[in-house]
Structures are given as C-alpha cells and as structure tokens.
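K.L.:
Fold the following and give me the result.
(chains A and B)
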Amino acid sequence: MFKAFSQVVSKELKGAFRRQSDILNPIWFFIIVVTLFPLGIGTDPALLKRIAPGIIWVAALLAALLSFERLFKDDFIDGSLEQLMLTRYPLPWLVSAKVFAHWLLTGLPVLLVSPLLATFLALDIETYWALFLTLLIGTPILSLLGAIGVALTVGLRKGGLLLSLIMLPLSIPILIFSTMAIDAAAYGQSYLGLLALLGAMLVASITLSPFAIAASLRVSVS
Amino acid sequence: MWKWLHPYAKPERSYQLAGKLLPWFTALTVITFVVGSVWGLVFAPADYQQGDSFRIIYIHVPAAMMAMAAYSTMAIAAFIALVWQIRMAEMTVAATAPVGAVFTFIALFTGAAWGKPMWGAWWVWDARLTSELILLFVYLGIIALYNAFSDKVLAGRAASILTLVGVINLPIIHYSVVWWNTLHQGATISKFEKPSMAPEMLWPLIIMIVAFGAFLGTLTLMRFRNEILARENHRPWVTALITDINMQKLTGEK
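P.N.:
Just a heads-up that it's a prediction; the model follows:
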C-alpha cells in the first residue's frame, strides 16, 4: 500500500526532473507576475506592504493553474492513467500520491522563492512568517482542489480555460483566509485562529477530495 | 414505498409525469405572479424610510431564495445521480443549472438597482452580494463543464460531481466572505436591517416567494422534458411522440 504510494511519487518526480521546464516555468511565471505589481503601481514600500499578501496569493493561484495540466494530461494521453486505474490499489489512494508529488513540484518551490518575493514587496519578518505558514497550509489545498478540476476536464480538448473557470471560484475561501491571516500579522494581531481554519480546510480536503478526484477520473476515462 | 418511485427511472414515465405537473405549476405561477406583483408593487404601502424603492424586494428576495433553492435541488439530484446511478437525476441537474444561474443574476441585478438609491453605489462588497456573485460563478462553471462534454451521459456525471464539490464549498465561501467583510469594512455600510415587516408588506412578499418557487418549478420541468427528448431522441417512444404531434398538426390544419 505505502510502497505503491511512494512508487507513484517517485515516478512523478523522476518524470518531472527529466523535463525541468515543467517545474521551472510556473515558478518563473509566479516571480514575474509579482514583479509586475511594483512596476505597475509604484514602489512606495508602505503601499507594497499593504497589498503584498493579495499579490502573492493571487500570483500563487495563477501559477498553480498553469501547472495543473500536467497532473493528469500526459498520463491520460499515453494511457498510463488507465493502467493506474486497473491496479489492485484503491484509486483515491494512488491519486493522493500524484497530488502529493504535484505539490512537491509546484507548492514547495513557491514556498522556497517566497523569501525573495517578501524582500521585493518590503514585508517585515513577522508578516513574512504569516505568509510562509499560509502558503505552507494553503498550497496543498490548492493542489487538491485543482486536481478535482483537472480530473473533470482532462478528457476535453480545451480543458485549460474551463479548469480555471471551475477552480478559481472554489479557491476563494483559501485566498480570503490567507490574506486575512497575513493582514492580521501585519497589524501585530494573533492569526492562529485563521491558520487553524485553514488547517481545518486542509484536513477536510485531504480526506474528501481524493474520492472526488477518483470519481471524476472515472468519468473522464470512461 | 420505493415501488411507486421505480417506474420514474424510465425516461418515458418521467416525461409524462413532468407533462402532467407542468400545467399546474404554470397556473400557480401565473396566478401568484399577478396577485403578488400587483399587490406588492401597487397596493402595499410605501416604506417610511425607503419610499417606493423598497418594492424591489418583491423581486429581489424571492429570486435570491430560489437561486439557493435551485442549487439545493441540484445538490440533492446530483447525490442521487452519483449514488444510485439514476440518469433522470443527472438530467435534473442539467435542467436546473441555467434556471438557477438566471435567478442568481436577477437577484444580483435587482440588488444592484436597489443599492444605487440606498447605498449610493451600484456595487458594494457586501457579504451577501459577494457570496451571491460567487454562487453565480459556480453555476456558470457547472454549465460550462456540462456543455464542454459532447457525450451527455458523461457530462451529466461530471456536472453532478462538480455540484457536490460546490455544495461543500458554498457554506465555506459564504462564511469566509462574511468574516472577510466584517474585518475589512466594519461599520462603513449601515446594513439593511430587516424591520419586522408590517403584514400588508409581508403578505405580497410571501405570495411572490411562492410565485418564484412555482416559476422555478415550471422552467425546470420544461427544461427537464426537453432534456429527456434531446437525449432519448433515438428511442421509439420519442419518434412516436413526434409523429403524433405532427399528425395532430396536419389534421388541425385540415
């Protein structure tokens, strides 16, 4: 059971490292989008600090959208998704492995470049920690929610735009709670309650969404 | 109990049942609409604070309530469709979604029209308005997904899954928006506190809610019947039905 999980994860990681642009491009996109804002609205540190949480989170959301296609698309085209469904392991379990690998390849890099962006946007260290924690808890939720959308649209020819139409409204609570937590940190208030809410959403999406993803894949592949 | 329900898993029987219910719903809609809107828009007394512009609630509140009701219908139907694999329930999801989206749009539009004289702005990021807007986005996502599949059986299943994902998410979205709003805006907008309404204002509102509910039922039944015909158009009973109608037309012309 756990061996199957780790095998799926390592297969995903190997595949991704052989085509590194797949991992790097969303991250470049993320950095460039964040860079555009100071250029567009001016470099006043107070203003930048005020809007930084929103910018970083919206950019992370868009970068995540770009990377979702590769979650199931290639496997769908070359048929290995069907093979995955035919194994004796439960599909929700294998799908969670794929989503976990996807988070390692897209969520984790966002976390790693976040100090750079915090410097760009004049965040102080306290606020940065809040940003880091919300990204740490929030990006896995994004991966799980997005995986439902990808699983629903993977069989369609023009699934990309549809995916964003489906997924963006559903990710609004994460955006709201994360930016609220970062705002609270910027004003020196406690944001643990908001983090706890995000954590609750993470637990709920870890437990529920693999089943939704598996059901959607069965629709797409049939 | 299930025995009388089972035959309605067959498209033909469902089609006939919907056809039988349709005139009743239509009649109820017409009567309550006429009574409710004339009473509400003409005879109900004007509000002492808001004047005549309060009358928009006779459209706004029922539309908003039925937008939610339509989503609940879809969620229940989607659950039935996925658990018991009943195709009629999938068709119900597909039939209800556009109606619900339009009702949501009506609620938003009338809300904006009411907000202009009351708040002085067409749009404010009020919690209820915002969550209604997101509800509209969710509706549009479901409709777009349904239309993207050329195989309507798969489309119905995919739309059902998305509906259920949405129904878990919508309460979270609603409360997140409420908390976000209270933190960001606080007391800048004096919320429209519902005064305990006078009965002569309340009765037309109740009638209008019934009218919108019946209207929702009417439109959904009509779309449901169309959906059945469109999906079953290769079946003999549909062909027979169409030749029947054509025959009646021919004899009627003679």
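K.L.:
Next up, the contacts around residue B:98.
P.N.:
B:143, B:223 (Cβ atoms under 8 Å, 6 or more residues apart in numbering or on different chains). Glycine gets a C-beta too; all of them are placed from N, C-alpha and C.
K.L.:
Am I right that it is in a helix?
P.N.:
Yes - with DSSP: H, G, I helix; E, B strand; the rest coil as the criterion, residue B:98 is located in a helix.
K.L.:
other SSEs contacting the longest helix anywhere in chain A?
P.N.:
Longest helix in chain A, counting residues (DSSP state H): helix A:45-78. Helices and strands touching helix A:45-78, by 3 or more Cβ pairs under 8 Å, 6 or more residues apart in numbering or on different chains; DSSP states H and E, are helix A:21-41, helix A:80-86, helix A:91-120, helix A:125-153, helix A:159-170, helix A:172-186, helix A:192-221.
K.L.:
Can you pull up the residues of chain A that come close to chain B?
P.N.:
Contacts of chain A with chain B, taken as Cβ under 8 Å from any Cβ of the partner chain, map to A:148, A:152-153, A:155-156, A:158-159, A:162, A:165-166, A:168-170, A:172-173, A:176-177, A:180, A:183, A:201, A:204, A:208-209, A:212, A:215-216, A:219-220, A:222.
K.L.:
Next, count neighbours for the closest residue to chain A within the stretch 1-150 of chain B.
P.N.:
Chain A sits closest to residue B:137 of the stretch 1-150 of chain B, with a gap of 3.9 Å, by Cβ to the nearest Cβ. Per other Cβ atoms under 10 Å in any protein chain shown, the neighbour tally for residue B:137 reads 19.
K.L.:
buried ones in the longest helix of chain A?
P.N.:
For helix A:45-78, the neighbour count (16 or more other Cβ atoms under 10 Å in any protein chain shown) marks A:48-49, A:52-53, A:55-61, A:63-73, A:75-76 as buried.
K.L.:
Any regions of chain A where pLDDT drops low?
P.N.:
Along chain A, no part satisfies pLDDT under 70.
K.L.:
who's sitting farthest from the centroid in it?
P.N.:
No residue in chain A sits farther from the centre than residue A:44, which is 29.5 Å out by Cα atoms, centre = their mean.
K.L.:
if I look at that residue, how far off is chain B?
P.N.:
Using Cβ to the nearest Cβ, to the nearest Å, we find residue A:44 at a distance of 21 Å from chain B.
K.L.:
I'd like to know how far that residue sits from residue A:121.
P.N.:
Separation of residue A:44 from residue A:121 (Cβ to Cβ, to the nearest Å): 11 Å.
K.L.:
Equivalent analysis for residue B:8, please.
P.N.:
59 Å.
K.L.:
More neighbours: these two, which one.
P.N.:
Ranked by neighbour count (other Cβ under 10 Å), residue B:8 and residue A:121 place residue A:121 first, with 24 against 16.
K.L.:
Can you name the residues that contact that one?
P.N.:
A:34, A:37-38, A:48-49, A:52, A:55-56.
K.L.:
quick one, what contacts residue A:135?
P.N.:
Residue A:135 neighbours (Cβ under 8 Å, 6+ apart): A:56, A:60, A:107, A:110-111, A:114, A:178.
K.L.:
how about low-confidence regions in chain B?
P.N.:
B:1-2, B:5, B:48-50, B:181-197, B:253-254.
K.L.:
Quick one: name the residues of it near chain A.
P.N.:
B:82, B:134, B:137-138, B:140-141, B:144-145, B:148-149, B:154, B:157-158, B:161-162, B:164-166, B:168-169, B:172-173, B:176-177, B:179-180, B:183.
K.L.:
A ChimeraX selection for these, restricted to the buried ones, would help me check which they are.
P.N.:
Here is the ChimeraX selection string for the buried members of the residues of chain B next to chain A, based on 16+ other Cβ under 10 Å:
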select /B:82,134,137,138,140,141,144,145,148,149,154,157,158,161,162,164,165,166,169,172,173,176,177,179,180
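K.L.:
Out of the residues of chain B next to chain A, which sit inside helices?
P.N.:
B:82, B:134, B:137-138, B:140-141, B:144-145, B:148, B:154, B:157-158, B:161-162, B:164-166, B:168-169, B:172-173, B:176-177, B:179-180, B:183.
K.L.:
what's the nearest residue to residue B:219 if we skip its chain neighbours?
P.N.:
Counting by Cβ to Cβ, 6 or more residues apart in numbering or on different chains, residue B:219 lies nearest to residue B:99, which is 4.7 Å off, once chain neighbours are set aside.
K.L.:
re the thing from before, in JSON lines: the helices and strands packed on helix A:45-78, plus distance to residue B:18.
P.N.:
Below are those laid out as JSON lines (distance: least, Cβ to Cβ, whole Å):
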{"stretch": "helix A:21-41", "distance to residue B:18": "48"}
{"stretch": "helix A:80-86", "distance to residue B:18": "37"}
{"stretch": "helix A:91-120", "distance to residue B:18": "36"}
{"stretch": "helix A:125-153", "distance to residue B:18": "28"}
{"stretch": "helix A:159-170", "distance to residue B:18": "29"}
{"stretch": "helix A:172-186", "distance to residue B:18": "36"}
{"stretch": "helix A:192-221", "distance to residue B:18": "26"}
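K.L.:
so residue A:157 sits in a strand?
P.N.:
No - checked against three-state DSSP, residue A:157 lies outside a strand; its state is coil.
K.L.:
in the stretch 151-254 of chain B, what residue is nearest chain A?
P.N.:
Here the stretch 151-254 of chain B gets closest to chain A at one residue, residue B:176, 4.0 Å apart by Cβ to the nearest Cβ.
K.L.:
With that, I have no additional questions.
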